[in-house]
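> Sharing a model prediction with you, sequence too.
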Amino acid sequence: MSTPDELERAHTLSTATTRYDELRMREALAAMDSDGESPLGRDESLELLALSEVVIRKAGYGRQAMVRSARAAGASWTRIGAALGTSKQAAWEAHNRWIEDQARQHEISGYEGFDPDQARSARGLAGEPD
């Protein structure tokens with residue numbers, strides 16, 4: 001069985017989504033036959049589940065990178081929150097949790113995530129909610 005961590009290293013967002021769609025489509029088409037059996041075996045069913053986690057993770061990374069780009073371009077937290085369909089406070093809190101997660105990841109691995117200078121810079125860019 002492949003874990004999300006293994007699949008995350010093996011796939012980009014695009015390739016993970018493509019494989020997820022392929023497996024999901026096979027499963028959906030077989031459901032139309034209504035014999036009650038999944039066309040996916042145990043390993044592919046678990047792969048589909050793990051891929052769903054990979055897609056969520058990778059989309060989340062991209063989302064926070066776009067939040068940083070919006071802040072760097074001068075967007076307020078009010079505008080960022082609106083673009084995300086949430087409040088400025090919720091957008092700011094989610095972004096700051098992500099920054100702290102990146103800093104912790106670097107502390108653990110020594111190379112992934114944000115080193116102390118990058119984390120400080122990211123916190124500065126995030127600022128406070130307007």
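Cool, the structure landed.

> Can you tell me the number of residues neighbouring residue 93?
With neighbours defined by other CB atoms under 10 Å, the count for residue 93 comes to 14. Where you see a C-beta, it was placed from the backbone N, CA and C, and this is true even at glycine.

> Mind telling me what element it is part of?
helix 88-109 (DSSP states H and E).

> For that helix, name the packing helices and strands.
For helix 88-109, the elements it packs on are helix 42-72, helix 77-84, helix 116-126, judged by 3 or more CB pairs under 8 Å, 6 or more residues apart in numbering; DSSP states H and E.

> out of those, which comes closest to residue 96?
Distances from residue 96 to each of the helices and strands packed on helix 88-109 were compared using CB to CB; the minimum, 5.9 Å, belongs to helix 116-126.

> Quick check: buried residues in that closest one?
119, 122, 126 (16 or more other CB atoms under 10 Å).

> So which of those residues is the closest to residue 23?
Among the buried residues of helix 116-126, residue 122 lies closest to residue 23 (CB to CB), at 35.6 Å.

> List the buried residues in stretch 63-77.
Of the residues in stretch 63-77, those buried by neighbour count under the rule 16+ other CB under 10 Å are 64, 67, 68, 70, 71, 77.

> Give me the distance between the closest residue in space to the third one that isn't next to it in sequence and residue 104.
If I follow you right, that is residue 68. In space, residue 68 comes closest to residue 125 once its chain neighbours are excluded; the distance is 6.5 Å by CB to CB, 6 or more residues apart in numbering. The spacing between residue 125 and residue 104, counted by CB to CB, to the nearest Å, is 19 Å.

> No further queries at this time; thank you.
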